[in-house]
Structures are given as C-alpha cells and as structure tokens.
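Participant: 3D model of this:
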Amino acid sequence: MGNSTAHGARRDVMDGALHGSRRDAARGPVRGVTAAVAVLAAFVLVGCTSPARDADAGEPSRKADAEAGAKAGAAGRTAAGAGSVGAAGSACPMPLSFDLAASWKPKAAHVDKDSELGAALGVQGGATLICEIDAKPAGNIGFLRVWRGEKSDATPRRALERFTAAEDGAEKFVYTEVRAGDLPAVEVVYTAHSELLDESKKERAFAVATPDGPVVVHLGGMDTREHEQMLPAYELAKKTVRLG
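Facilitator: Coordinates of the predicted model:
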C-alpha cells in the first residue's frame, strides 16, 4: 500500500468508530476486535430502528432544519477555552501552543519514522505527527492533529500543499490567507473521500511558520457532520495560537 493510499484509509479508521487512536489499532488484536464489535453493534442498532418513528409527520423536515441550524451555528462559533496545550510541561510540548476546548484530551504522538508502520501512519507530506487531541470525551468522533515539518524555509502555503497532496482522495482545495493568533497563516478547506463510509467529507487545516519548521493543525472527523460540530474547537485553536 502506498503512503498516500494509507493516509486516506487510515484517517477513515482513526476518525471513525473503529478506532481509539491510530496507535491503538496497532497495539494488538484485542483492541481491534473490541472496536469491531462496537461498530457491529452500532450497525445492528441502526438496522433495528423502527421506521415508524421516522415516519412521524414532519419529523424528517424538523431533523434537517435542526441539523442545518447546528452546522451554521458551529461554523460561526469559537469554543470557550479550558486549558491549553503546547508549552513545555504540557501533554504535547510543541513549537506553538493554543487553547483547548472543554473535554478535548491531548496526547503526544511518538512516531518511529524508521519503521514502515510509523512512516505510513505518522508522516504525511514531509510533516510528522506530534500531537493528537481527541474529541470523543467532548461527544464527537474526531481529532485535532498537529504535524511538524522539517526545519526549512518552507512557507505555510507550501507546507499545506505538500500535506494535502499526500492524502489520497483529497480534492477541491480552497486556500485562504488568515491569522492564527497574531501570526500570519494559510488555511485550506477541502474534501476527502471516506473509504469507511464511501462518501466525501469535509476537512480543513491551517499552517504557520515557526523557528522549528512549519506546523500544520488539521481537523478531520468521521464525516462532514462531525467535522462541522467540531469547528468551534478548531477555531479556538486557530484564534489562540502563539509561539513557544
């Protein structure tokens, strides 16, 4: 399996119900079996749901209106801060820091780039995964992931282009110059194909330059709905970025 294909497939699994984190999937068959059983149970519950409930008059319309309103609201909000990550002594020491949304749990990533598995799962477009911030404790399926490029003269735009080019199935890129805290940054919004769900989903990332190399902060999600619901946490991170 090529690295770009692995990147697309892995994110479906890691952001979907089959994962606790990418490293959990590699730690042994017991966790994999447990996760698979959980997914199967979820499908069984969905399959057994009575159609009569969804057949109630006006129910589909009300659901669609509610979901559309929630997405629109999430896209325009910034979550309240509840701690930060990135500084020395934090869960993920990084070249930058930012505020965390309530209940999001950071965990440092330790990637063995000399191993085939480490290179496939922890390196993308020249950037290495250094931190995963899990949304599950906050009620969503997805992560904010922080990736650090090699120390170089690469611009944030170039770092993002290399990062997204390494993701299989990514397309429809829209790049924008933005501010991340007080720093100049570049943001990209795009779609990626989910092999798990066999559908397209929205993803986004921003990149900034640091003395230790470019840093990419990426938001995925199991699907577009989860992605939209997690946007306030992403916007909080972007708004509060500072070096060191």
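Participant: who does the host helix or strand of Ser84 pair up with?
Facilitator: For Ser84, the host element (DSSP states H and E) is strand 81-85. Paired with strand 81-85 in the same sheet, following DSSP bridges, are strand 96-101 (antiparallel).
Participant: show me where the chain has its strands.
Facilitator: Listed in chain order, the strands of the chain (DSSP state E) span 81-85, 96-101, 105-108, 123-124, 127-134, 143-149, 171-180, 183-194, 199-208, 215-219, 242-243.
Participant: so what secondary structure elements neighbour the third one?
Facilitator: Read that as strand 105-108. strand 127-134 (3 or more Cβ pairs under 8 Å, 6 or more residues apart in numbering; DSSP states H and E). No exception for glycine: its C-beta is placed from N, CA and C like everyone else's.
Participant: list of residues touching the strand it packs on?
Facilitator: 21-22, 85-86, 91-92, 94, 100, 104-109, 111, 113, 121-123, 143-149, 159, 162-163, 214, 216 (Cβ atoms under 8 Å, 6 or more residues apart in numbering).
Participant: circling back: the strand holding Ser84 vs strand 127-134, what angle?
Facilitator: 150 degrees (axes from the mean of the first three to the mean of the last three Cα atoms, to 10 degrees).
Participant: ok, back up a step: buried among the contacts of strand 127-134? Make that a PyMOL selection.
Facilitator: Buried members of those, defined by 16 or more other Cβ atoms under 10 Å, are picked up in PyMOL with:
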select buried, resi 21+22+85+86+92+94+100+104+106+109+111+121+122+123+143+144+145+146+147+148+149+159+162+163+214+216
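Participant: related to what we said a few turns ago, quick one: mean pLDDT for the strand holding Ser84?
Facilitator: Averaging pLDDT along strand 81-85 gives 85.
Participant: any residues touching it, and which ones?
Facilitator: 90-92, 94, 97-104, 106, 131, 133, 236, 240.
Participant: can you list the weak-confidence ranges in this structure?
Facilitator: Residue ranges of the chain with pLDDT under 70: 1-77, 81.
Participant: if we use 90, what do you get?
Facilitator: Filtered on pLDDT under 90, the chain yields the residue ranges 1-82, 112-121, 150-154, 168-169, 193-198, 244.
Participant: tell me the angle the strand holding Ser84 makes with strand 143-149.
Facilitator: Going by the same axes, to 10 degrees, strand 81-85 makes 30 degrees with strand 143-149.
Participant: dump strand 81-85 to CSV, restricted to CA.
Facilitator: Taking Å, rounded to 0.1, in the frame of the first residue of the first chain, the C-alpha atoms of strand 81-85 are listed here in CSV:
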residue,chain,number,x,y,z
GLY,A,81,-11.1,27.8,26.4
ALA,A,82,-10.4,25.1,29.0
GLY,A,83,-6.7,25.0,29.4
SER,A,84,-4.0,24.9,26.7
VAL,A,85,-1.5,22.6,25.1
